[in-house]
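>>> test case, fold it:
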Amino acid sequence: MRHISKKTKGFTLIELMVVIAIIGILMAIAIPAYKDYIIRGNLVEGTNQLSAYRAQMEQFYQDARQYTTTGAYTSPCPVNVVSASGKWKYNCVPAAANYTITAQGIGVVVGFTYQIDNTNSQKTTAAPTGWPTSTTSWTMSRGG
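Prediction:
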C-alpha cells in the first residue's frame, strides 16, 4: 500500500503576520527619517539665497553708500520674491544704514523662517515643532 502525501504550498498566516509586523516597524522608522532628509535638503536653498542677497546688498552699498534706493541706484533688496522652486519667499526691510532679509518656507519647508542682516547675523526665528530656533545661526537639522 502506498501512502500519498500532499505537499503543502504557500505561507501560513503566522508567517505572513510576522512579515507584515517587520515591514510596519521598518516603515515607522524609515518614513520620518526620509521626511527629515527631504526637509534638510530643501533648507539649503533658503540659506544659500539669503547669503546671495546679502552679497548683492553689500555690493549695492559700495556704490550707493546706503542700502535703500537712491537716485540712479536701485536697491536689490527682494520684496515678496518667491524662489524658482516655489519653496521660499524672500522679503527685505532696508534702511539707509542697515537691512534685514527674511526667508519664509513654503510647502515642504513651511514653518521655517530664516533671517540675515547687514552684520551677517544669521537667525532662525521660527521652526516647525521638534526643530529648534536660534538667535545666532540657521537651524539645519533637528539637533540644531
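>>> would you list every one of the strands in this structure?
Applying DSSP state E to the chain gives strands spanning 81-82, 88-94, 99-105, 113-117, 122-126.
>>> could you find the closest non-adjacent residue to T100?
Computed as CB to CB, 6 or more residues apart in numbering, the closest residue to T100 that is not its neighbour in sequence is D117, at 4.7 Å. Glycine gets a C-beta too; all of them are placed from N, C-alpha and C.
>>> which ones are touching the residue lying closest to R54 once chain neighbours are set aside?
Closest residue to R54 apart from its sequence neighbours, by CB to CB, 6+ apart: I116 at 5.3 Å. I116 makes contacts with L50, S51, Y53, R54, T100, I101, Q122, K123, as judged by CB atoms under 8 Å, 6 or more residues apart in numbering.
>>> give me the neighbour count for S75.
19 (other CB atoms under 10 Å).
>>> can you tell me how far it is from Y61?
Distance, S75 to Y61, by CB to CB, to the nearest Å: 9 Å.
>>> list residues touching both of these two?
In contact with both S75 and Y61: Y67, using CB under 8 Å, 6+ apart.
>>> pLDDT weak spots in this protein?
1, 3-5, 144 (pLDDT under 70).
>>> what residue is smack in the middle of it?
L43 (2.7 Å; CA atoms, centre = their mean).
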